[in-house]
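Visitor: Turn this into a model:
(one chain, ligands or ions: 1)
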Amino acid sequence: MASTTGMRGGGFYDAHSSGQRAAMDEFLPWIVEAMADLPLPTSGSPIALLDLGSSEGANAIHAVGAIIEALRERTSADIWTFFDDLPTNDFNRLFANLFPDTKRSSRPPGIYPAAVGGSLFERVAPASSLHVATTFNAVGWMSALPATRLPHFISPSPPTQRASREGVSVTPEQRAPFTQQAREDILRFYRARAVELKPGGKLLVQVFGRNDEHDTANGIVDGLSDAMLDMVKDGRLTRDVYEAFVLPVFYRSLPELLPPTGDDGEPPAFRVDKAEARECRVPFNEELVRSGDSRAWAESYAGFIRAFSEPVVTSGLPNTPDRPELVEELYGRMANRFAADPERYEFHFISLGALLTRL
Ligand SMILES: C[S@@+](CC[C@H](N)C(=O)[O-])C[C@H]1O[C@@H](n2cnc3c(N)ncnc32)[C@H](O)[C@@H]1O
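Guide: Okay, here's the model as predicted:
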């Protein structure tokens, strides 16, 4: 079963992704600095950069722009910039972001942007064609959901102690097939990039995840589960809908993100130059500390969740004429719960980053 249908389009993701931007910015300097020793093409051939999971593009263009700036310190070679996402992505918005001045071409000289449709867990570029690949906040989306059902929760990441509720749980046995799926996904991701990148090519992988203290899932999945269960209690959704729904996102630890070391007999395709898990700033949390306005915090927090989850949540609800109102109600209830009890839904963004070189 295909599990991911992309972000909410029409500019909504761009407007509600300052959290993802902050998480990206934790590790963007790593790839920018790595441009100093990138092997450059000779004889006038172009440099090729690929960003995977670019969404509507505001954040991806920010990242690729920083990489281009560093490359321009060394070379005036032509540069292809490829932006990949699932075919359901709002690529119109991506191009609107790439060409903000619609009256004439606003493309910087020597930079050639192009969109690529395809899953980042598969090959999306020709063999040995890329110098740099990046991905931000995307590899946590699972390529498919295991057959296992999670009848007592909506995510393989279990509810936190502080958000406990009767009948809500995920057992280690229920979580195990999701861990396995996430492992297979990341292996396929590295295999595809190993073929596409040239020797010496650089790969930056950044994604939301967890460390020993916090899991980015907490708050998000607790809020979504509580809002759904409230609607079940009030007869707005059936229990079946809740039991069948799983948010297809896996929040990895840092070791779960890294490529195989070569111990399994296959020679490693990448050298890991740096890897870290960092708790990063969350703009709406900072605003809460500044203003103390928990209603504004709740609205921003729910908007952030809605921007990445609305398409999958919508497809999990029954396809009845009132589905749009049910979706509206769900996110409204979530925001009300956040505003009423900020501590229960405390949010920490753990950003994982790894900088790798193709051997
Ligand atoms: C949270 S957004 C991140 C967007 C942007 N990179 C950022 O950091 O703001 C995740 C993006 O990954 C895309 N995505 C999820 N699974 C994917 C897959 N298998 N292949 C390509 N893109 C995928 C989604 O469609 C979405 O646009």
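
Visitor: following the lengthiest helix in the chain, which helix or strand comes up?
Guide: As assigned by DSSP state H, the longest helix anywhere in the chain is helix 172-196. Where DSSP states H and E defines the elements, the next helix or strand beyond helix 172-196 is strand 197-209.

Visitor: what comes up buried for the helix or strand following that next one?
Guide: Moving toward the C-terminus from strand 197-209, the next helix or strand (DSSP H and E) is helix 220-233. Neighbour counts over helix 220-233 (16 or more other CB atoms under 10 Å) mark 220, 221, 222, 223, 224, 225, 226, 227, 228, 229, 230, 231 as buried. For every residue, glycine as well, the C-beta is placed using N, CA and C.

Visitor: Which residues are in contact with the fifth one?
Guide: This points to residue 224. 154, 155, 247, 305, 309, 313, 330, 334 (CB atoms under 8 Å, 6 or more residues apart in numbering).

Visitor: can you list those residues in TSV and add secondary structure, distance to the ligand and pLDDT?
Guide: Formatted as TSV, these follow (DSSP: H, G, I helix; E, B strand; the rest coil; distance: CB to the nearest ligand atom, whole Å; pLDDT from 0 to 100):
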residue	secondary structure	distance to the ligand	pLDDT
154	coil	18	98
155	coil	16	98
247	coil	13	98
305	helix	11	97
309	helix	10	96
313	helix	14	97
330	helix	19	98
334	helix	18	98
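
Visitor: Report the two of those residues separated the most.
Guide: Spatial extent of the contacts of residue 224 (CB to CB) is set by the pair 155 and 330 at 15.2 Å.

Visitor: Could you pick out the buried ones from the contacts of residue 224?
Guide: Burial by neighbour count, judged by 16+ other CB under 10 Å, picks out 154, 155, 247, 305, 309, 313, 330, 334 from those.

Visitor: which residues touch the last one?
Guide: Contacts here follow CB under 8 Å, 6+ apart; on that basis residue 334 touches 223, 224, 226, 227, 302, 305.

Visitor: Going by distance to the ligand, which of these wins?
Guide: For those, the residue nearest the ligand by CB to the nearest ligand atom is residue 305; the value is 10.9 Å.

Visitor: The residue in the stretch 151-300 of the chain that the ligand sits nearest to: what's it in contact with?
Guide: Nearest to the ligand in the stretch 151-300 of the chain, going by CB to the nearest ligand atom, is residue 206, at a distance of 7.7 Å. Neighbour list for residue 206: 23, 24, 26, 27, 134, 135, 136, 137, 351, 352, 353, 354 [criterion: CB under 8 Å, 6+ apart].
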